[in-house]
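Student: Fold the following, please.
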Amino acid sequence: MTFVLETERTYCNRLIEKHIPVLLEVWNSSELRYMTMNRSFRDYYGSNSHIMIYGERDITKIFEIWDDPLRARGFGIFNKETHELLGHVAYDFGWDPHFIVFNLVIYPKNRQNGYAKEVTPYLIGEIFNNLLTNNITVFIDEDEIIAMKFVETLGFKPSGVIKRETYRGGKFRNTHCFDILKREWRNVDAN
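Tutor: Numbers count the residues shown, from 1 in each chain. As a prediction, the model looks like this:
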């Protein structure tokens, strides 16, 4: 089986109704709830990510947003051999097609297996090569030190901190912003 977005061990494909039970379990876990809230979804509903518990209707709405070719794209990341859902990637360009907010989450039981390292450079390359995008931005929770170091290895640079953006674990939390320009990605990609 061949997919448009694939790497050595993974492929990306649309998430569909049969994936909803897995998404409900993983996205509602205390470990991931703060990471899975897609900014376009929050804007769409006008809700706060720190109090949201996902239901089937919510996941269906996210699928609709991710399938809107003028606003956002979202895919599941699957293991090629087992077809297990490993995580998801979403990118939002509804505000400005030259500026994309990129969100990749590998689900907890699949972490530390190199999946993000394998799939992220490929996806970023696809975005820069196939869309009008000049800038890709990622938002990372203050405790996700490994994720911050990882995006810096890809050439992303710190671009600011959104103070007290979310509330989790009994305290307000900062979100760190990192971004990369298309010309910077070309230089990283050339090395």
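Student: for this protein, what spans make up the helices?
Tutor: Under the criterion DSSP state H, the chain contains helices at 20-27, 33-36, 39-45, 56-66, 115-130, 145-153, 182-190.
Student: Comparing those helices, which comes out most buried?
Tutor: helix 33-36 (a mean of 20; mean count of other C-beta atoms under 10 Å). Heads up, the C-betas are built off the backbone N, CA and C, glycines and all.
Student: what about Asp92, how many neighbours?
Tutor: A total of 23 residues lie near Asp92 under the criterion other C-beta atoms under 10 Å.
Student: Equivalent analysis for the one 5 residues further on, please.
Tutor: Neighbouring residues of Pro97 were enumerated by other C-beta under 10 Å; the total is 13.
Student: Wait, it touches Leu131, no?
Tutor: Yes - counting by C-beta atoms under 8 Å, Pro97 touches Leu131, with 6.7 Å between them.
Student: Find the least confident helix or strand in this structure, judged by mean pLDDT.
Tutor: In the chain, no helix or strand scores lower on mean pLDDT, DSSP states H and E than helix 39-45, which sits at a mean of 44.
Student: can you pull the contacts of the closest residue to Asn135 other than its chain neighbours?
Tutor: With C-beta to C-beta, 6 or more residues apart in numbering as the criterion, Asn135 has its nearest non-adjacent residue at 5.0 Å, and that residue is Phe99. Going by C-beta atoms under 8 Å, 6 or more residues apart in numbering, Phe99 touches Phe93, Thr133, Asn134, Asn135, Thr137.
Student: Next step: those residues restricted to strands.
Tutor: Phe93, Asn135, Thr137 (DSSP state E).
Student: so which of the residues you listed is the most crowded?
Tutor: The most neighbours of any of these, using other C-beta under 10 Å, belong to Phe93, which has 22 neighbours.
Student: picking that back up, Throw the contacts of Phe99 into a markdown table and include pLDDT and distance to Asp68, thanks.
Tutor: Formatted as a markdown table, those follow (pLDDT from 0 to 100; distance: C-beta to C-beta, whole Å):
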| residue | pLDDT | distance to Asp68 |
| --- | --- | --- |
| Phe93 | 82 | 10 |
| Thr133 | 89 | 16 |
| Asn134 | 91 | 21 |
| Asn135 | 93 | 20 |
| Thr137 | 92 | 19 |
